[in-house]
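Asks: give me a 3D structure for the following:
(one chain, ligands or ions: 1)
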Amino acid sequence: MALTACTHCQGLVPAASDRCPNCDTPVVARRSRAVRIAGGLFVGGAFATTLMACYGGPPRPTELPQPTPGSASPSSTSTDPPPVSTIAPPEAKP
Ligand SMILES: [Zn+2]
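Replies: Residues are numbered from 1 along each chain as shown. Below you'll find the predicted structure:
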């Protein structure tokens, strides 16, 4: 059986009892409620974090695909031949 501390006389009060057996002060189960709320928030946060980790979550500006000019020709020097774009067949553009 869980025991809680009385807020008035600091005596041990059974969790099932709503009054302190020593000073007859009504015991408010605020501790268990706070723990329950904190646990719920923790579980909810962990659940949301897991969902975002699995499904990517909302897109962040830092993760958006940005055109990198250096990615097309990595470490291209003057000795490398030009890309095939010069001899590629012309595409029909309106
Ligand atoms: Zn008491």
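Asks: how about low-confidence regions in this protein?
Replies: For the chain, applying pLDDT under 70 flags the ranges 1, 29-34, 57-61, 63-64, 69-78, 82-83, 85-89.
Asks: quick check: residues of it near the ion?
Replies: Residues of the chain found near the ion (C-beta under 5 Å from the ion) are 6, 8-9, 11, 20, 22-23, 25. The way it works is simple: take the backbone N, C-alpha and C, and place the C-beta from them, glycine included.
Asks: go again using 8 Å as the cut-off
Replies: 6-11, 13, 20-25, 27 (C-beta under 8 Å from the ion).
Asks: going by neighbour count, which of these are buried?
Replies: 6-7, 11, 13, 20, 27 (16 or more other C-beta atoms under 10 Å).
Asks: so can I have a markdown table of the residues you listed showing secondary structure and distance to residue 65?
Replies: Putting these into a markdown table (DSSP: H, G, I helix; E, B strand; the rest coil; distance: C-beta to C-beta, whole Å) gives the following:
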| residue | secondary structure | distance to residue 65 |
| --- | --- | --- |
| 6 | coil | 61 |
| 7 | coil | 58 |
| 11 | coil | 64 |
| 13 | strand | 60 |
| 20 | coil | 64 |
| 27 | coil | 59 |
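Asks: which one's the longest helix in the protein?
Replies: What stands out as the longest helix in the chain, according to DSSP state H, is helix 30-55.
Asks: sorry, back to before: can I get the buried ones among the residues of the chain next to the ion in TSV including distance to residue 47?
Replies: Listed next are those as TSV, based on distance: C-beta to C-beta, whole Å:
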residue	distance to residue 47
6	36
7	33
11	39
13	34
20	38
27	32
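Asks: and which of those residues is nearest to residue 84?
Replies: Nearest to residue 84 among these: residue 7, at 79.9 Å, using C-beta to C-beta.
Asks: double-check that closest one against residue 25; I have them as touching.
Replies: Yes - using C-beta atoms under 8 Å, residue 7 is in contact with residue 25, at 7.0 Å.
Asks: I'd say residue 9 and residue 19 touch.
Replies: No - using C-beta under 8 Å, residue 9 is not in contact with residue 19; the gap is 11.8 Å.
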